[in-house]
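# following is a predicted model, sequence given first.
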Amino acid sequence: MTGLYDDAFVERLRAGAQGLAGRWGLGPETEVSLLTLSENATFLARDPAALAPVILRVHRPDYHTRAEIESELAWINALRSSATVDTPEPLVLEDGGHIAEFMDGAQLRHVVGFRFMTGSEPDETGDLVPGFETLGAISARLHGQARSWQPPQGFTRKTWTWDTAFGPAPLWGDWRAALGLTEDGRVVLERLADTLRVRLEAYGQGPDRFGLVHADLRLANLLVDGDRLGVIDFDDCGTSWFAYDFAAAISFLETEPYIPDLQAAWLRGYRTVAPFAPEHEAMLPTFILFRRLLLTAWIASHAETETAAWAGMEAFTEGTIRLAETYLASEPA
């Protein structure tokens with residue numbers, strides 16, 4: 001493993017999380033092992049004396065502030081209190097707080113704990129349509145709660161707009177660093193970025209279309225257990241367009257031929273809970289390309305992660321260019 005999450009770094013994070021396990025009431029025999037690497041490092045903590053394991057998330061350095069992490073957990077707790085969505089409970093430390101810390105050399109690392117939730121990621125080789133109808137209804141409930149909820153004082157989360165995604169200080173890196181990007185491909189993606197900016201500015205950020213969203217409802221962040229569809233990982237939640245949640249839900253699947261079926265299912269489910277105007281529906285292709293270009297930048301800046309390797313690295317960039325060409329050719333000027 002290379003990049004930020006090289007083997008030595010991951011082991012330091014694991015050892016740091018292991019040293020904090022007792023703060024969540026876990027016993028001295030607790031074993032901590034790596035579960036996933038994506039934006040953060042997520043570990044499974046197993047205490048032989050406990051009925052279920054605990055999830056420990058060690059945050060990536062220089063991404064979220066402590067206040068942003070506290071805000072994420074505040075929204076999760078509000079969603080759980082209102083029974084808006086099935087999502088794991090953030091665990092409270094022995095001192096009543098939610099965030100533990102350890103020093104990794106000269107850098108402070110934030111760690112949060114979650115109760116373990118049963119289930120498995122939806123199988124992308126199976127029929128995703130029924131699940132996407134359920135996900136549409138969940139998305140509508142999330143958006144409805146976000147519109148009516150009064151966040152606590154100091155609540156702060158990142159904003160996902162054209163400027164924060166592709167402007168001078170992009171949150172996930174510059175798409176121009178995309179792996180395997182050729183000059184011809186760069187020209188296509190420059191046209192795409194410019195077109196996205198114009199269309200998103202025209203669409204606007206009115207309260208009927210813009211607010212607090214999960215922002216990462218992809219398959220890896222869903223847990224199926226019987227009839228229950230659980231949602232995990234609110235790490236990227238923030239303010240953006242409500243329609244963006246559908247685009248995020250099909251992350252890494254954008255080139256699949258069944259995407260129109262998933263979109264139709266998501267809309268059906270959404271409209272069982274709340275309206276989704278044709279004006280917003282017409283923008284879904286734009287948000288799909290917005291998300292795809294954002295992911296292309298993320299893969300380039302997180303090339304050491306399992307997610308980037310699974311997505312295909314250079315092949316993902318090539319797929320983005322093909323999608324951009326089709327979008328630019330089919331969408332009205």
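Sure thing, it's come through. What you see is a predicted model, and the numbers here were worked out from it, not measured in a lab.
# burial count for the nearest residue to residue 173 once chain neighbours are set aside?
Leaving aside its sequence neighbours, residue 173 sits nearest to residue 301 (CB to CB, 6 or more residues apart in numbering; 3.1 Å). No exception for glycine: its C-beta is placed from N, CA and C like everyone else's. Residues near residue 301, counting by other CB atoms under 10 Å, number 19.
# so residue 301 touches residue 176, yeah?
No - applying CB atoms under 8 Å as the test, residue 301 and residue 176 come out as separate, 11.3 Å apart.
# that older thread, any idea how far the residue nearest to residue 173 is from residue 179?
10 Å (CB to CB, to the nearest Å).
# where does residue 84 fall, phi/psi-wise?
Main-chain dihedrals, residue 84, degrees, to the nearest 10: phi -70, psi -40.
# any stretches of the stretch 1-150 of the chain with poor pLDDT?
Confidence mapping of the stretch 1-150 of the chain against pLDDT under 70 gives the ranges 1-3.
# show me the strands in it, by range?
Assigned by DSSP state E, counting those that start in this stretch, the strands in the stretch 1-150 of the chain fall at 31-37, 41-46, 54-58, 99-104, 107-115.
# Three-state assignment for the residue nearest to residue 176 when sequence neighbours are not counted, please.
Leaving aside its chain neighbours, residue 176 sits nearest to residue 186 (6.5 Å; criterion: CB to CB, 6+ apart). Going by DSSP: H, G, I helix; E, B strand; the rest coil, the secondary structure assigned to residue 186 is helix.
# need the contact list for residue 289.
Residues counted as contacts of residue 289 (CB atoms under 8 Å, 6 or more residues apart in numbering) are 192, 196, 323, 324, 327.
# now the helix or strand in which it is found: how far from the chain's centre is it?
Secondary structure assignment for residue 289, by DSSP states H and E: helix 284-301. Here the centre of helix 284-301 is set off from its chain's centre by 12 Å, with CA atoms, centre = their mean, to the nearest Å.
# kindly report the same for stretch 325-333.
Counting by CA atoms, centre = their mean, stretch 325-333 comes out at 27 Å from the chain centroid.
# please enumerate residues in contact with it?
188, 191, 192, 195, 285, 286, 289.
# please repeat the previous calculation with a cut-off of 7 Å.
Under the criterion CB atoms under 7 Å, 6 or more residues apart in numbering, residues 188, 191, 192, 195, 285, 289 lie in contact with stretch 325-333.
# against residue 299, how distant is the fourth one?
Note on residue 195: its distance to residue 299, by CB to CB, is 21 Å.
# residue contacts, residue 98?
Contacts of residue 98 (CB under 7 Å, 6+ apart): 70, 73, 90, 92, 112.
# most neighbours out of these, which is it?
With neighbours set by other CB under 10 Å, the maximum within the contacts of residue 98 is found at residue 112, which has 23 neighbours.
# these two touch, right, that one and residue 70?
No - Residue 112 lies out of contact with residue 70 (CB atoms under 7 Å); the separation is 9.5 Å.
# what residues are shared contacts of those two?
Shared contacts of residue 112 and residue 70 (CB under 7 Å, 6+ apart): 98, 99.
# residue 212 bridge partners, please.
residue 239 (DSSP bridges).
# so who does it touch?
Neighbours of residue 212 in contact, by CB under 7 Å, 6+ apart: 75, 146, 237, 239.
# run a quick neighbour tally on the first one.
Using other CB under 10 Å, residue 75 has 23 other residues around it.
# how much space between it and residue 314?
Distance of residue 75 to residue 314, given as CB to CB: 36 Å.
# about what we covered before: return the closest of the contacts of stretch 325-333 with respect to residue 99.
residue 289 (35.6 Å; CB to CB).
# could you check how far the closest one is from residue 159?
19 Å.
# and the contacts of stretch 325-333, which two are furthest apart?
188 and 285 (16.0 Å).
# care to break the chain down by domain?
Domain assignment for the chain by automatic domain parsing gives 7-115, 129-330.
# now those in TSV, please, with extra columns for distance to residue 121.
TSV is the format used below for the domains of the chain (distance: least, CB to CB, whole Å):
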stretch	distance to residue 121
domain 7-115	11
domain 129-330	6
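# hmm, residue 162 and residue 200 touching each other?
Yes - between residue 200 and residue 162 there is a contact under CB under 7 Å: 5.1 Å.
# chain neighbours aside, what residue packs nearest to the most centrally placed residue in the chain?
Nearest residue to the geometric centre of the chain (CA atoms, centre = their mean): residue 216, 2.8 Å. Spatially, and ignoring its direct neighbours in sequence, residue 216 is nearest to residue 236 (4.3 Å; CB to CB, 6+ apart).
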